[in-house]
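J.: below are the sequence and a predicted model; questions follow.
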Protein chains: 2
Amino acid sequence: MIKLTLFALFLSSGILAQNDSIFIRKIYDEALLKGKSHEDLRSLCKDVGARISGSAAAEMAVYWSEAKMKSYKFDKVYLQEIKVPHWERGTKENAWIKGSNGLLIKVKILALGGSIGTNGKLEGEIIEFASLEDLKNSSEASVTGKIVFVNQPMDAAQIATFRAYGGCYPVRNGSAVEAAKKGAIGVVIRSLAMPIDNHPHTGGMHYEDDVPKIPAAALSTSDCEMLSAQLKKEKLRFVLDMDCLSLPDETSYNIIGEITGSENPNEIITFGGHIDSWDTGEGAHDDGAGVIHSLEALRILKELKYKPKHTLRVVFFMNEENGNMGGQTYATWSKGKGEIQVAALESDSGGFSPRGFNTNGNDQQLKLAQSFAPLFEPYFVNQFEKGYGGVDIGPLKESFENIPLFGFAVDSQRYFDFHHSEEDVFENVNKRELELGCAAIASFVYLLDKYL
Amino acid sequence: MIKLTLFALFLSSGILAQNDSIFIRKIYDEALLKGKSHEDLRSLCKDVGARISGSAAAEMAVYWSEAKMKSYKFDKVYLQEIKVPHWERGTKENAWIKGSNGLLIKVKILALGGSIGTNGKLEGEIIEFASLEDLKNSSEASVTGKIVFVNQPMDAAQIATFRAYGGCYPVRNGSAVEAAKKGAIGVVIRSLAMPIDNHPHTGGMHYEDDVPKIPAAALSTSDCEMLSAQLKKEKLRFVLDMDCLSLPDETSYNIIGEITGSENPNEIITFGGHIDSWDTGEGAHDDGAGVIHSLEALRILKELKYKPKHTLRVVFFMNEENGNMGGQTYATWSKGKGEIQVAALESDSGGFSPRGFNTNGNDQQLKLAQSFAPLFEPYFVNQFEKGYGGVDIGPLKESFENIPLFGFAVDSQRYFDFHHSEEDVFENVNKRELELGCAAIASFVYLLDKYL
């Protein structure tokens, strides 16, 4: 604590070494002129592809990640074994809207991650609720035996799209439970997407032990608009046909690479993203960009021959999307080894233009980050505020009380166009925006190492 | 001046009316929840299309713009006649690389705007220069009778992409003159594009009266890499076949819409973008976004029943890309009418996430803009710096000495992926990013009106 305060004072008193500004410029030059991030992301997206926990593709992603880290000759590269859930989408995923006079419309759906299948055709009257709250307030009689449609949109008036996402997260996560409590036989939700688009967006959901499990799927926002309009005219039925299923847990791995600290090798600065993705698209923004940001940041620091005081450790966490077993195992393992985690940083908001670094740390830790701001000014990175770290690094806070967690903030206006959908592909990541993210993270990690 | 200072003091002393913050929130709600900008841009891009000065499409754009402004029931909507150049790309645009042993590669080119045609096949040895500077320093003997290839890349290390563009602008504008001075018969330049992509980017160039006119075209950056690599192996010839031509000047129009000032109707706040575009793609970012930003800003202020003190005037300038006759005519006309132009704002950097408002104004004018910053904080708009206004509003400075010119700044990392190419289409503009721009401009115009 005292150490932090002293350095914050030192920095804010304007004695920022000119060396820092020169070194950061070198970082940006390396990222923009000789960077590997764009090609590495291409390879992860195209040579591996989507990589949901427990899948063959996730195994390939582990293989890819270890080989890639070794190719960059970090001091140590190793795997950390974890157990992950194994859910599969199955071979079919069909849905139809059925009207009274022969109206039949096939609609695209994506089962929510973790949903049970329908065991053949599941058909019932569909009943719409404008929000999860409305569903909770409805009568059992109105819902029993029906398929529930929760048509709650993300709030476009929110400037921070993640806030709008947070507002709808309970819809995806909890609608199956809330609908089943009232006797529903299935649930379809409006995709958590900002635009009106024509592809569904999947994501995690949960069941509860004492509530019947019912199938749950996402509809595209444009199909939701159409369905809702049609429901104003007539009663409709909905047909679901999905054979997704949960299988026994699988063995998988976090992938770890590090440059050993020259002064305090047992004091760790952890930074990373998650290597798993949903099983649609290519996991390019979520979270291919985040793992590549971190990988490239460490590569750049090594390339520039930076000798860190602390051990700089990049972690590709497995299983952020549906279990967070990677994050939990990592925190427990590190604590068990007697390591000291001095700071952690996560990138899991997409590969967009950098905006800043937010932290859940205390005031002194926040002030330290804010004291870096002048060094980031030439790079248009200016947001250093109280905020959220990330899912993967979250468990570190339980094991290491004083650790500041930093979340890498980007311009996320486009994020929920792509998120958890077939559109989250390499082509939708801009090369420069990705590279600027790598440079920002390398610079921030460098400053943390130097001034923590 | 004194007026400005007083208001700046007033604002910076923290007495910003809460009303402003409430009104700005209403502006953003209107833009994000009930906005017309995305649909209006779609219509401009798809129902009109690319619209180079003097073309039938530009006439259609004038028709579209006037009708659109009238549909929004502004107090006045009118056209302002101007003369514009009329250049046409023609019906064919072919190019080949020819090697010594039968090597023949067809490459895509775009004639630079204003270039003469080749009058049939033009063939010659091609000679590469790494920069315009190298061409200037070369011997006449090495260039005479050849086709010059200026392969100068945009500097990816620049964080502000417009700076990198500025560095290469003379290449596009001046290579034909510099090459012809040394006896070249034609010139091809590396497209002013940030990525390595496979489509050429066009743009303006000039001839000089006492220098022979030679045809000039842009090659895609990927073709430039290929051509340059091949030139390291062997001498090559280049074949150009273009029938572009310049025709007599045409009559065209600026399109103007305004809400009359309630206190000072003769004091004008001008804001706008340019309605003309290059003749490839759809002019979506350049500058469809800018005219739609401005149109939507005025629509929002009217919709919210704001009664401005000054006359708020949106101008769709014609002919920014190759002459600036719209901007020049407008400034002269306004001065001639005895109007007082109190401020002008231009949006011509694409429809991306807003960053701020830069100004070429004096310190007091800059301070006034900076005093607005707290009101923009919730919207992540935080750049209020000395900077450039815009091409269209530039001439106002000559007619109105004290006018501050404001340039709307956005996150332009992706701009030079699209700029002046077939990729500058509606689909590459993000709805939310566009809407946030409209709201930012409406808010800034509102504050200017209130505090100027």
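T.: Thanks, I have the structure now. All of these numbers come straight from a predicted model, not from anything done at the bench. Residues are numbered from 1 along each chain as shown, chains lettered A, B, ... in the order given.
J.: domain map for chain A?
T.: A:2-86+A:248-451, A:90-243 (automatic domain parsing).
J.: could you dump the ones you listed into CSV and include mean pLDDT, mean neighbour count and distance to chain B?
T.: C-beta here means a position set from N, CA and C on the backbone, and glycine is covered the same way. CSV is the format used below for the domains of chain A (pLDDT from 0 to 100; neighbours: other Cβ atoms under 10 Å in any protein chain shown; distance: least, Cβ to the nearest Cβ, whole Å):
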stretch, mean pLDDT, mean neighbour count, distance to chain B
domain A:2-86+A:248-451, 95, 21, 5
domain A:90-243, 97, 19, 5
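J.: closest to residue B:280 out of these?
T.: Residue B:280 sits nearest to domain A:2-86+A:248-451 of all the domains of chain A, at 20.8 Å, using Cβ to Cβ.
J.: quick one on the thing from earlier: any chance of a markdown table for the domains of chain A, columns distance to residue B:432?
T.: A markdown table is the format used below for these (distance: least, Cβ to Cβ, whole Å):
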| stretch | distance to residue B:432 |
| --- | --- |
| domain A:2-86+A:248-451 | 5 |
| domain A:90-243 | 6 |
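J.: between those, which one is nearest to residue B:442?
T.: So among those, domain A:90-243 is nearest, using Cβ to Cβ, at 14.7 Å.
J.: list the contacts for the residue nearest to the spatial centre of chain A?
T.: Nearest residue to the geometric centre of chain A (Cα atoms, centre = their mean): residue A:348, 4.6 Å. Counting by Cβ atoms under 8 Å, 6 or more residues apart in numbering or on different chains, residue A:348 touches A:273-274, A:286-287, A:290, A:320, A:390-392, A:407-408.
J.: among those residues, which lie within strands?
T.: A:273-274, A:407-408 (DSSP state E).
J.: which parts of the stretch 251-400 of chain A are strands?
T.: Along the stretch 251-400 of chain A, counting by DSSP state E, counting those that start in this stretch, strands occupy A:264-274, A:310-317, A:340-346, A:354-359.
J.: in a markdown table: the ones you listed, plus distance to residue B:102.
T.: Below are those laid out as a markdown table (distance: least, Cβ to Cβ, whole Å):
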| stretch | distance to residue B:102 |
| --- | --- |
| strand A:264-274 | 50 |
| strand A:310-317 | 49 |
| strand A:340-346 | 56 |
| strand A:354-359 | 49 |
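J.: residue B:135 is nearest to which of these?
T.: strand A:354-359 (36.7 Å).
J.: how far does that closest one sit from its chain's centre?
T.: Remark: strand A:354-359 is offset 16 Å from the chain centroid, using Cα atoms, centre = their mean, to the nearest Å.
J.: residues making contact with it?
T.: Residues from elsewhere that reach strand A:354-359 (Cβ under 8 Å, 6+ apart): A:345, A:365-366, A:369, A:376, A:379-389, A:404-411, A:436-437, A:440, A:444, B:380.
J.: mind listing the helices in the stretch 351-452 of chain A by residue range?
T.: Assigned by DSSP state H, counting those that start in this stretch, the stretch 351-452 of chain A shows helices spanning A:363-371, A:373-376, A:396-399, A:415-418, A:431-451.
J.: relative to residue A:334, which of these is closest?
T.: Among the helices of the stretch 351-452 of chain A, if distance is taken as Cβ to Cβ, the winner is helix A:396-399, at 6.8 Å.
J.: name the SS class of residue A:223, please.
T.: helix (DSSP: H, G, I helix; E, B strand; the rest coil).
J.: what's near enough to touch it?
T.: A:107-108, A:198, A:200.
J.: farthest pair within the residues you listed?
T.: With distances taken as Cβ to Cβ, the most widely separated pair in the contacts of residue A:223 is A:107 and A:198, at 9.8 Å.
J.: what residues are shared contacts of those two?
T.: By Cβ under 8 Å, 6+ apart, the residues touching both residue A:107 and residue A:198 are A:220, A:223.
J.: list every C-alpha atom in stretch A:203-214, with coordinates, as PDB.
T.: Output in PDB follows, covering the C-alpha atoms of stretch A:203-214 (Å, rounded to 0.1, in the frame of the first residue of the first chain):
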ATOM      1  CA  GLY A 203     -24.600 -17.400 -24.700                       C
ATOM      2  CA  GLY A 204     -24.700 -19.100 -21.400                       C
ATOM      3  CA  MET A 205     -27.800 -19.900 -19.300                       C
ATOM      4  CA  HIS A 206     -28.500 -21.900 -16.200                       C
ATOM      5  CA  TYR A 207     -30.800 -24.400 -14.700                       C
ATOM      6  CA  GLU A 208     -31.700 -24.900 -11.000                       C
ATOM      7  CA  ASP A 209     -31.900 -28.300  -9.300                       C
ATOM      8  CA  ASP A 210     -35.500 -28.000  -8.100                       C
ATOM      9  CA  VAL A 211     -36.900 -26.500 -11.300                       C
ATOM     10  CA  PRO A 212     -37.700 -28.600 -14.400                       C
ATOM     11  CA  LYS A 213     -35.200 -28.100 -17.200                       C
ATOM     12  CA  ILE A 214     -36.800 -26.800 -20.400                       C
END
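J.: quick one: distance of it to the chain centre.
T.: That offset, for stretch A:203-214, works out to 21 Å (Cα atoms, centre = their mean).
J.: ok, stretch A:360-372 next?
T.: Centroid separation for stretch A:360-372 versus its chain: 24 Å, with Cα atoms, centre = their mean.
J.: how near is the residue nearest to the centre of chain A to residue A:163?
T.: Plainly put, residue A:348 is 16 Å away from residue A:163 if you go by Cβ to Cβ, to the nearest Å.
J.: again, but for residue A:360
T.: For residue A:360 relative to residue A:163 (Cβ to Cβ), the value is 16 Å.
J.: residue A:116 now?
T.: Between residue A:116 and residue A:163 the computed distance is 31 Å (Cβ to Cβ).
J.: then residue A:223?
T.: Separation of residue A:223 from residue A:163 (Cβ to Cβ): 25 Å.
J.: likewise for residue A:209?
T.: According to Cβ to Cβ, residue A:209 stands 31 Å off from residue A:163.
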